[in-house]
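>>> Quick one: sequence and predicted model below, then my questions.
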Amino acid sequence: MAIGVFGLTIGLALGGVVLLGALGFVLQRTVDTEAFRTADAVALLAAEDALPDPLPVAGGQVRVQVIDGQGRIRAASIDADRLVPMVRPERLDRDGRQRLEVPPERVGLVGPVRVVAVPAGTAADPLTVLVARSMADVRHSIHVVRTILLVAFPLLVVVLAGVAWRVVGATLRPVEALRRGAEEITGRAGTGRLPVPASADEIHRLAVTLNGMLDRLESARVRQRAFVSDAAHELRSPLTNIRTELEVAQRLADRTDWTAVTTNLLADTERLSRLVDDLLLLARLDETPPTRGTGPVELGALLTDVAARYPSPPVRVMLPAGPIWTIGTVEELRRVLANLVDNAVRHAYGSVVLAAEAGATTATTAGALGPVSTTAAVAKVGPGVRAYHLVTVTDDGPGVPVADRERVFDRFTRLDDGRARDDGGAGLGLAIVRELVRRAGGGITLTDAPEQQGLRVCLLLPALPVEEAQGVT
């Protein structure tokens, strides 16, 4: 506030100085213009050899003289000196118009005197017209304005400072309320909301934005705490198994079956390693922004390669004729398919089918997603894409209840039904799949398996025309 008032004072002071300078310049130019007008009129009379004596002038603050080349006065106004010229002859330029300052006592006027000189006469008889004008009125006008500014300036600064104080105070009052609210939230280290002012202005929008940010931060904090808690719980299980195995082996000493112990320890170590790798992958996916595909990927070969890793029960692959191209990262798409097929094989009773449909439009995609509308299908894969490849993974296992088909994509989620017979899973597989599919610009949903018991996973990936894929490769 003090800086603002100081800046306002400096600005007004500079404005006052500029005003006085401009006023003095304008008044002086006005005096010069009137003097030159009078001198030009007298010069016309001199050119016609019709100079009256005395010279007629208007006002008592004007003196006029007409002098020749030797400095002799040929004519003068009634109040002008007829013996001594107002300007010494050596100061005059006989060929040009001049503006001169002379002492007031030389002219007989009050205050500073302004004299203009205009050449007149003929070449044989050159004359100069001198017109003197007192600047006392100009000086008085400037003095009056200066006095008014000196008196009004402090009052104006005080008034503006008071108005600024009230306006700034009223403007910052909601900001202070926001600050107190933020301080209370910080002090109690819990959730809370900032007060939202009633006025629909920038402060109101700021408060709404900050409350939204606080809500997102609180949600992130809750998710982080849950994630850390679940991760600690999942990590504790294999560590506990490893410790138990080692303690039992230590107590049994020579009676320990080290082959069985080693097998169990390796299984727990592999489970622990998979869990750590999954946690690191999720952390990397959370930190790095999604980058839509880095190159063309042929889905047919990728699906065949993934299915070949599961000889029992065998995974049947159903592919359309011709190549199926999409955009993405091979490693990420392989991880998606491997997680889905691994989950299907783990819970299937005996049948797993991996199929693909090339170039499905949003309308056919909506039908493939079961009770999902076309608009919802587009929302699941993002706007701007009109064609997709539909990849399905179908098993004949116990399935997933409709109410849980969204929840299973949350991290560390394992159901209590038949799919809880997990032999090492931590509930991160589908969470990783959803994040990788989103990064690829696709979508995923769960539906009932058609014409049989089980579950079908519908995976949507952006379609890349064959000619574009061949142009890139």
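Noted; the coordinates are in hand.
>>> Next up, the contacts around the closest residue in space to Tyr310 that isn't next to it in sequence.
Using Cβ to Cβ, 6 or more residues apart in numbering and skipping the chain neighbours, the partner closest in space to Tyr310 is Val345 (5.2 Å). Heads up, the C-betas are built off the backbone N, CA and C, glycines and all. The contact partners of Val345, taken as Cβ atoms under 8 Å, 6 or more residues apart in numbering, are 310, 313, 315, 352, 395.
>>> what's the one helix or strand Ala177 maps to packed up against?
Assigned by DSSP states H and E, Ala177 belongs to helix 136-188. Counting contacts by 3 or more Cβ pairs under 8 Å, 6 or more residues apart in numbering; DSSP states H and E, helix 136-188 is packed against helix 2-47, helix 202-252.
>>> Swap in 6 Å and give it another go.
helix 2-47 (3 or more Cβ pairs under 6 Å, 6 or more residues apart in numbering; DSSP states H and E).
>>> what's the average pLDDT for the helix it packs on?
The average pLDDT within helix 2-47 is 88.
>>> starting at the chain centroid, how far to that helix?
Relative to the chain's own centre, helix 2-47 is displaced by 48 Å; criterion: Cα atoms, centre = their mean, to the nearest Å.
>>> following it, which helix or strand shows up next?
As assigned by DSSP H and E, the chain's next helix or strand after helix 2-47 is strand 62-68.
>>> Hey, what's the angle from that following strand to helix 2-47? Just curious.
Here the directions of strand 62-68 and helix 2-47 differ by 50 degrees (axes from the mean of the first three to the mean of the last three Cα atoms, to 10 degrees).
>>> Give the buried residues for strand 62-68.
Residues 62-67 are the ones in strand 62-68 that count as buried (16 or more other Cβ atoms under 10 Å).
>>> rewinding a little: okay, angle between the helix holding Ala177 and helix 2-47 too, please.
Orientation check (the same axes, to 10 degrees): helix 136-188 against helix 2-47 gives 160 degrees.
>>> top of the contacts of Val345 by neighbour count?
Neighbour counts for the contacts of Val345, by other Cβ atoms under 10 Å, peak at Asp395, which reaches 28 neighbours.
>>> low-scoring pLDDT stretches of this structure, where are they?
1, 59-60, 187-191, 287, 289-294, 360-386, 414-426, 466-473 (pLDDT under 70).
>>> Domain parsing of this protein, as residue ranges.
Domains of the chain are assigned by the TED database as 1-139, 202-285, 292-363+385-415+425-470.
>>> Next SSE downstream of whichever strand or helix holds Arg438?
When elements are assigned from DSSP H and E, Arg438 belongs to helix 429-439. Using DSSP H and E, the helix or strand that follows helix 429-439 in sequence is strand 443-448.
>>> what does the helix or strand that that next one is followed by contact?
Remark: after strand 443-448, the chain's next helix or strand is strand 455-462, criterion DSSP H and E. For strand 455-462, the surrounding residues in contact (Cβ atoms under 6 Å, 6 or more residues apart in numbering) are 326-327, 340, 368-369, 381, 385, 388-389, 391-395, 399-400, 441-447, 449.
>>> ok, which stretches of the stretch 301-450 of the chain are helices?
For the stretch 301-450 of the chain, the helices defined by DSSP state H, counting those that start in this stretch occupy 330-347, 362-368, 374-381, 429-439.
>>> one step back: kindly indicate which of the buried residues of strand 62-68 lies nearest Arg91.
Distance to Arg91 across the buried residues of strand 62-68 (Cβ to Cβ) is lowest for Ile67, with 11.7 Å.
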